[in-house]
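**Q** Here is a sequence together with a model predicted from it:
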Amino acid sequence: QVQVVESGGGLVQAGGSLRLSCAASGRAFSSYGMGWFRQAPGKEREFVALVWSGGSTYYLNSVKGRFTISRDNARNTVYLQMNSLKPEDTAVYYCAARTVPGSGPYSHVEEYNYWGQGTQVTVSS
């Protein structure tokens, strides 16, 4: 069983920045694929960014150039640095771990087997 815990959400004005953190348990963390998803009210959960075990990263088109995902395997932690935030980025942000081996990239909810509880990000205009 892998525990996933997000932190770092909050309220920020448009144009501001936030950094989300995600701590995941397990000795094999460096082999996990780690992703960030978000869900706005009334919408489906959508992929935002992922970092694979080899360090490859992928992003939702609308966040490219504004968000950066990174991982620190020594700390079992993944980060999502969010800059130039927009009101449409408002959502609950979820961190997810994929412990099943694979070549990736995996950008669908069903491809991840462990999830955090989510952290709210609100961007005011």
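**A** Structure received. This one's a predicted model, so the numbers in the text were calculated from it and none came from an experiment.
**Q** So in terms of bridging, what pairs with the residue nearest the centre of the chain?
**A** By CA atoms, centre = their mean, the chain has its centre lying nearest to residue 36, at 2.0 Å. Counting by DSSP bridges, residue 36 is bridged to residue 49, residue 95.
**Q** cool, residue 69 as well?
**A** residue 80.
**Q** ok, now which ones touch it?
**A** Shown in contact with residue 69 (CB atoms under 8 Å, 6 or more residues apart in numbering): 34, 36, 49, 50, 51, 57, 59, 78, 79, 80, 81. For every residue, glycine as well, the C-beta is placed using N, CA and C.
**Q** Pull out the buried members of those residues.
**A** 34, 36, 49, 50, 51, 59, 78, 79, 80 (16 or more other CB atoms under 10 Å).
**Q** Now do the third one against residue 7, distance only.
**A** Think residue 49. Using CB to CB, to the nearest Å, one gets 17 Å for the distance from residue 49 to residue 7.
**Q** same deal with residue 47?
**A** 20 Å.
**Q** ok, now residue 43?
**A** 23 Å.
**Q** same question, residue 86
**A** 22 Å.
**Q** rewinding a little: who has more neighbours out of residue 43 and residue 7?
**A** Neighbour count, other CB atoms under 10 Å: between residue 43 and residue 7, residue 7 has more, with 14 against 9.
**Q** mind checking which helix or strand the closest residue to the more buried one other than its chain neighbours is in?
**A** Spatial nearest neighbour of residue 7, excluding adjacent residues (CB to CB, 6 or more residues apart in numbering): residue 21 at 5.0 Å. Using DSSP states H and E, residue 21 sits in strand 18-24.
**Q** Contact partners for the residue lying closest to residue 28 once chain neighbours are set aside?
**A** Once flanking residues are discounted, residue 28 sits nearest to residue 99: 7.1 Å by CB to CB, 6+ apart. By CB under 8 Å, 6+ apart, the contact list for residue 99 reads 2, 26, 28, 31, 32, 113, 114.
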